[in-house]
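J.: what's the 3D shape of this:
(one chain, ligands or ions: 1)
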Amino acid sequence: MSQNDVADTTPSQRLEELLQPDDRVEELSSSDGEDEGEYETEEEEPDTKAALPRNGKKTIPSLFCEPPIIRDKLHTKSSKAQDAVAETVRRYMSGEEREINDPNSHNIPYLQRAKHIRFMRKSLNTYPSAYQQADASRPWMIYWALAGLAHMGEDVEEHCDSAIETFTPLQNPDGGFGGGHGQYSHVAATYAATLSLAIVGGLEMINRKTMWSWLGSIKQPDGGFAMAVDGEIDIRGAYCSMTIISLLNLPLELPLDCPARKAGLHSFTDKLGEWVGRCQTYEGGIGSTPENEAHGAYAFCGLACLSLLDAPHKSVTHYLDTDRLLHWLTSRQPAPEGGFSGRTNKLVDACYSHWVGGCWAILDAALLKPGQDPKSPPQLWNREALVRYTLCCSQTKTGGLRDKPGTRQDGYHTNYSLAGLSAAQNHWAYVEDSNSPDAGLDGDSEAAYKWHPRPATDEEREAWAFELNDTVGFVHPVFVIPPEAVERSKEQFKGVVGFKDATTTLPRR
Ligand SMILES: [Zn+2]
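T.: Next up, the predicted model:
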C-alpha cells in the first residue's frame with residue numbers, strides 16, 4: 001500500500017527528501033559483500049528443513065535462494081521490474097548480498113531491535129520547518145512511532161502527556177480530528193489519533209459525545225462511511241469509524257439528525273456488512289469501494305470491519321466468498337520474496353506484511369470448523385517466508401524498516417513491517433465464551449474483544465527461522481495496537497452508556 005492510500009503521498013516523499021544524510025540508508029556497494037562466504041548457499045536443501053552446516057549456522061532453504069519457478073514469458077515493463085526485484089531479494093535472502101552482518105542461528109540477520117527503537121524514538125521528536133507539508137499526517141506519524149515502539153516491547157506511556165497535548169487542539173468542535181491545527185475533521189486522522197491515545201492511555205482526552213455525533217455525519221444511507229463530511233466514501237472509512245466506535249464504546253444508535261438516520265437507518269452497523277461484501281471483486285480480494293480493484297490494505301480493512309460487527313466465523317463467511325478471498329490472498333506471497341504484494345501484478349512491499357499478513361488471523365478464525373481446536377488453525381500461508389523477508393530485506397542497518405532493498409526506511413513501513421512480523425510469529429484465536437471475563441461490553445462492538453494471543457512454541461520458532469531475541473510483541477488483529485491497550489480501553493469504557501455531559505440518556509444497545 002502506498003502511503004498515498006492511507007495518508008498522503010506528498011508528505012512521505014517530502015520526508016524522504018528531507019532526511020538528513022546520517023539518517024539515510026547507504027547505497028549498496030561492493031564493500032557490502034564483506035561477509036560473502038559466511039553464508040552456506042551451495043548445499044541447498046530441497047525443503048524447508050535446513051540442515052546444520054559445519055559452521056553451526058543453518059543453510060538457507062532453496063525456495064529462497066533460487067529464481068522464481070514460474071516466470072512471466074511476456075516481457076513487459078512490469079515483468080522486468082518483477083524479475084529485477086525477485087533477483088535482488090533472492091540475493092538478500094540467500095546471503096549473497098547483505099547489509100547487516102549479524103546472523104542468527106538460521107543464517108539471517110537478527111532483529112535489529114535497538115536500532116529500530118532509536119529510529120522510532122527519533123521520529124517522535126520535533127521536526128524542522130520544512131516538514132510543515134507533512135502536517136496533515138501528524139496523527140499518523142505519532143501512531144506509527146508509538147505503535148512501532150510498543151511492538152518492540154517499549155513502554156510508551158511516558159508519552160501520554162505529550163500525546164494529549166498534541167492531540168487536544170486537533171479534535172474539532174464537530175468531534176472529529178483534523179490532521180493538523182485548524183484542519184477539517186477526517187476519519188483517517190481520527191483513527192490514528194484514537195489509536196495513539198489508546199496506546200499511551202490517554203483516551204479520556206476525547207470528547208465521546210461530539211465524536212459520536214461527527215461519526216453519525218459521515219455514515220452513509222447505503223451502509224458505508226465517508227472519510228469526511230462530503231468526502232470520498234471507501235472501506236477505510238468503514239473500518240476506521242467502527243474501530244473508533246468500538247474502542248470508545250460509543251452507542252451504536254445513530255444520532256437523530258444525521259443523514260443516514262433521516263434515510264431510514266438506525267444503527268452505525270445497518271447495511272454495513274452488505275456494503276463491505278459489495279467491495280469484494282471478481283478476483284476474490286477486496287477493493288476500496290464496490291467495483292474497484294482488489295487491494296491488500298482494503299482486504300484488511302474489510303475483514304477487520306466485519307470482525308467488529310460480529311464473530312469472524314459468522315460475519316466474514318456471511319458477507320464474503322471466502323474461497324475466492326483465500327485464492328486471492330494466497331496469491332499475494334511470491335517466492336523467493338516471501339513478503340507480500342498488495343495487488344495482482346505488483347511488487348513485494350513490506351507494508352503488506354501487515355495489510356495482507358494481518359488478514360490471516362481473521363481468516364483463520366472465520367474458517368475454523370465447528371469443534372476444531374482454535375489452537376491449530378489451518379496453515380494457509382508461509383510464516384517462515386515473511387520472517388525471512390522482514391529480517392533479510394526490510395530491515396536497514398541504520399535502524400527502521402523499509403518497503404524493499406533500495407528504498408528508504410520510514411515510520412509507516414517500520415510500524416507495518418513489525419506488525420506483520422508479529423502476525424508471522426504469534427497466534428491469535430477468537431474465543432466465543434459468554435462466561436469469559438471478556439463479556440461485559442454492551443452491544444455488537446463486544447466482538448472485537450474476544451481475541452486471545454499465544455506465542456510460537458520452540459518448535460515453531462525453529463521452523464519459522466527466528467530466535468527468542470527476534471520476537472515482536474503481540475499486535476491485536478483488529479485494532480493493530482498492543483492487546484494491553486485494548487484491554488485498558490475496554491475497562492475504561494465498560495458499562496458506560498451515553499455520555500456524562502449528555503442532557504438525555506441514550507438507550508442501551
Ligand atoms: Zn509500502
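J.: Distance of V200 relative to D161?
T.: 9 Å (Cβ to Cβ, to the nearest Å). All C-beta spots, glycine's among them, are computed from the backbone N, C-alpha and C.
J.: what residues are up against the residue nearest the centre of the chain?
T.: Against the mean C-alpha coordinate of the chain, by Cα atoms, centre = their mean, the closest residue is H354 at 3.9 Å. The neighbours of H354, taking Cβ atoms under 8 Å, 6 or more residues apart in numbering as the test, are 300, 415-417, 419-420, 423, 480.
J.: That one sits in which helix or strand?
T.: Using DSSP states H and E, H354 falls within helix 352-355.
J.: export that helix as CSV, just CAs?
T.: C-alpha atoms of helix 352-355 as CSV (Å, rounded to 0.1, in the frame of the first residue of the first chain):
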residue,chain,number,x,y,z
TYR,A,352,1.7,-5.5,3.2
SER,A,353,3.4,-7.7,5.8
HIS,A,354,0.6,-6.2,7.9
TRP,A,355,-2.1,-5.4,5.4
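J.: And the following helix or strand past that helix, what does it pack against?
T.: From helix 352-355 onward toward the C-terminus, using DSSP H and E, the following helix or strand is helix 359-367. The contact analysis (3 or more Cβ pairs under 8 Å, 6 or more residues apart in numbering; DSSP states H and E) places helix 359-367 against helix 296-309, helix 312-319, helix 322-330, strand 426-430.
J.: looking only at pLDDT, what's the mean for helix 359-367?
T.: Here helix 359-367 scores 96 as its mean pLDDT.
J.: which residues are in contact with it?
T.: By Cβ under 8 Å, 6+ apart, the residues outside helix 359-367 that reach it are 296, 299-300, 303-304, 306-307, 311-313, 316-317, 322, 325-326, 329, 374, 377-378, 380-381, 423, 427-430, 451, 477-478.
J.: need the residues of this structure near the ion, please.
T.: Within reach of the ion by Cβ under 5 Å from the ion, the chain has these residues: 349, 351, 403.
J.: And the buried ones among the residues you listed, selectable in PyMOL?
T.: Typed into PyMOL, the next command selects the buried ones out of these (criterion: 16 or more other Cβ atoms under 10 Å):
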select buried, resi 349+351+403
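J.: What is the nearest of the residues of the chain next to the ion to Q220?
T.: Closest to Q220 out of the residues of the chain next to the ion is C351 (27.6 Å), distances taken as Cβ to Cβ.
J.: do you know how far the closest one is from G223?
T.: Counting by Cβ to Cβ - C351 and G223 are separated by 28 Å.
J.: nearest spatial neighbour of whichever residue of the chain sits closest to the ion, skipping sequence neighbours?
T.: Relative to the ion, the nearest point of the chain is C351 (3.3 Å; Cβ to the ion). Spatial nearest neighbour of C351, excluding adjacent residues (Cβ to Cβ, 6 or more residues apart in numbering): Y416 at 4.3 Å.
J.: and whatever helix or strand that neighbour lives in, how far out from the chain's middle?
T.: Assigned by DSSP H and E, Y416 falls within helix 411-425. Between the centre of helix 411-425 and the centre of its host chain there is 7 Å, according to Cα atoms, centre = their mean, to the nearest Å.
J.: one step back: and the contacts of H354 as JSON lines, adding neighbour count and pLDDT?
T.: Below are those laid out as JSON lines (neighbours: other Cβ atoms under 10 Å; pLDDT from 0 to 100):
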{"residue": "F300", "neighbour count": "25", "pLDDT": "98"}
{"residue": "N415", "neighbour count": "28", "pLDDT": "98"}
{"residue": "Y416", "neighbour count": "31", "pLDDT": "98"}
{"residue": "S417", "neighbour count": "34", "pLDDT": "98"}
{"residue": "A419", "neighbour count": "25", "pLDDT": "98"}
{"residue": "G420", "neighbour count": "29", "pLDDT": "98"}
{"residue": "A423", "neighbour count": "25", "pLDDT": "98"}
{"residue": "V480", "neighbour count": "22", "pLDDT": "98"}
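J.: Kindly list the longest helix within the chain.
T.: Longest helix in the chain, counting residues (DSSP state H): helix 77-94.
J.: and of the contacts of H354, the nearest to K122?
T.: Closest approach between the contacts of H354 and K122, by Cβ to Cβ: N415, at 14.1 Å.
J.: I'd like to know how far the closest one sits from S162.
T.: 18 Å.
J.: Likewise for P312?
T.: 36 Å.
J.: So between those two, which is more surrounded?
T.: Neighbour totals were compared for P312 and S162, and P312 leads with 27 against 13 (other Cβ atoms under 10 Å).
J.: Now do the contacts for the more buried one.
T.: 303, 306, 362-363, 365-366, 430.
J.: Same check on G153?
T.: By Cβ under 8 Å, 6+ apart, G153 lies in contact with G473.
J.: For it, pull up the helix or strand it's in.
T.: Assigned by DSSP H and E, G153 falls within no helix or strand.
J.: Tell me the confidence at it?
T.: At G153, pLDDT is 95.
J.: Now do the closest residue to R118 other than its chain neighbours: how many residues are near it, please.
T.: What sits nearest to R118 in space, not counting adjacent residues and going by Cβ to Cβ, 6+ apart, is G399, at 5.2 Å. Look at G399: counted by other Cβ under 10 Å, it has 21 neighbours.
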